[in-house]
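Asker: the amino acid sequence is not available; the structure is as follows:
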Ligand code: UT7
C-alpha cells in the first residue's frame, strides 16, 4: 500500500572518542591553528580508533536511531549506507556488514556513493521506498572514516576532514510533511577536482600507485570552494521553489559541514540569519556523508527542530555532486 508521507521516526550519531586538535596537526605538516581556523573554521576533529572501520561507526549510529524509534532490528526492511570510505574497497557492501551486525535479518542492504552529498541522496532515495509502500522501516546511514584516505603529508587536505556517522529511521505516516521537494545534481566535468586517483578499475592498486601516494584523496580546494559557494545556495533556492517556499520560510538550514566560510557564504546569499543555519564544523571538520546526519541529530537534540518546522538539508562534494532536500518535521 502506498503512503502519503514519510517521517523520521528515530535518529542517532556516533563520533569516535579520539579528538585531534589543530595543534597536533602543526606537528605533522607545515600548518598552524590560526590558518586552519581562519580558512575553514575547524578547531578539532574525531579520529577512528585502529580497530574501527566505517561499518563500526555506522552500526553505533544505526543502533541509536533504532533505539530512539523503539523499533527492533528485525523489523527493518532496508539498510541504505551512504559512504565513500567503505570497509572494503570494492565489496562486500558496508550496508551488509551493518545489517548483519544489527541483526536486521529481514532487511535488504546496499551502499550509495555520492561522497559528501551521499546522505541527502540516500534520504531522498529512501523516502521513495517508503512512499511507494515497498518498505515500512528504512535505515539511512551516513558513515565515513575519511582519515584513512588522507595523505598526512598533504597540508592542503589532511587538516580538513574527520570521522563520524549519523543515521535516521524512516517510516510511513499519515501526518503531513516529510520530504517536500529535492534537488539532486551532478557535474562530472569537475571529477578531477576531488578524487582518489589510485586503487580503482582505472588505475588498479600496485606498488607504483602506493609509492606515488595515489591511494589518498587529492583535491583542488579553490575549485571545490568556488563550486560550493555557488551550487549550495542555488540548490537550496531551487528546492525551496519546487516546494512553493522562499528562503524566509526555512526554520533551519542544515548544510554540509565542510568549511565555515562556505556555510557563511550560503547563509548570506539566502539572506538567512546566523541562528537559522546549523554549524558544528568547528568540532568535527568535514565528515563527508556523515556531516548532515550528525548535524541533524545535534540540531534535534538541541531543540532546534520543532513540530512542523521547515528544514533544509544541503550538501556538495566529489563528482562533483550536490543535493538539497526540504523536509517538514512531522515526527
Ligand atoms: O566536501 C567537499 C570537500 N572539500 C571542500 O569543501 C573544500 C573547499 N575548499 C576550501 O574549503 C578551501 O579552498 C580550503 C580551506 C581548502 C583552502 O582555503 P583557501 O582560502 O582557498 O586557500 P588556498 O587554497 O587559496 O591557499 C592559500 C595559501 C596557499 O599558499 P600560497 O600559494 O598562497 O603561498 C596554500 O599553499 O595557503 C596555503 N595552505 C596552507 N597553509 C597553512 C594550504 N593549506 C594550508 C595549511 N596550512 N593547511
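Answerer: Perfect, thanks for sending it. Computed from a prediction, not measured in an experiment: that's the story for all the values here. Residues are numbered from 1 along each chain as shown.

Asker: can we go C-alpha only for contacts and neighbour counts from here?
Answerer: Will do.

Asker: residues contacting the residue in the stretch 51-200 of the chain that the ligand sits nearest to?
Answerer: Of all residues in the stretch 51-200 of the chain, residue 156 sits closest to the ligand, at 3.7 Å by C-alpha to the nearest ligand atom. Under the criterion of C-alpha atoms under 8 Å, 6 or more residues apart in numbering, the neighbours of residue 156 are residue 221.

Asker: so it, which of the three states?
Answerer: Secondary structure state of residue 156, per DSSP: H, G, I helix; E, B strand; the rest coil, is helix.

Asker: and residue 32, how far from residue 258?
Answerer: 18 Å (C-alpha to C-alpha, to the nearest Å).

Asker: residue 16 now?
Answerer: For residue 16 relative to residue 258 (C-alpha to C-alpha), the value is 18 Å.

Asker: and residue 51, how many neighbours?
Answerer: Residue 51 has 6 neighbours, counted by other C-alpha atoms under 10 Å.

Asker: buried residues, whichever helix in the chain runs longest. List them.
Answerer: For the chain, the helix with the greatest residue count under DSSP state H is helix 221-242. Burial within helix 221-242, assessed by neighbour count using 16 or more other C-alpha atoms under 10 Å, is assigned to 224, 227-229, 231-240.

Asker: phi, psi of the spatially most central residue of the chain?
Answerer: Taking C-alpha atoms, centre = their mean, the centroid of the chain lies closest to residue 289, which sits 2.4 Å from it. With angles defined as degrees, to the nearest 10, residue 289 sits at phi -60, psi -10.

Asker: now it: closest residue in space, sequence neighbours ignored.
Answerer: In space, and not counting its chain neighbours, residue 289 is closest to residue 116: 4.5 Å by C-alpha to C-alpha, 6 or more residues apart in numbering.

Asker: list the contacts of the one you found.
Answerer: Taking C-alpha under 8 Å, 6+ apart, one finds 256, 287-291, 315-318 in contact with residue 116.

Asker: cool, residue 59 as well?
Answerer: By C-alpha under 8 Å, 6+ apart, the neighbours of residue 59 are 98, 101-102.

Asker: what packs against the helix or strand following the longest helix of the chain?
Answerer: For helix 221-242, the following helix or strand on the C-terminal side (DSSP states H and E) is strand 252-255. Applying 3 or more C-alpha pairs under 8 Å, 6 or more residues apart in numbering; DSSP states H and E, one finds that strand 252-255 contacts helix 291-301, strand 310-317.

Asker: could you redo these as TSV and give each row mean pLDDT and distance to the ligand?
Answerer: As requested, those are exported to TSV (pLDDT from 0 to 100; distance: least, C-alpha to the nearest ligand atom, whole Å):
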stretch	mean pLDDT	distance to the ligand
helix 291-301	98	9
strand 310-317	98	4
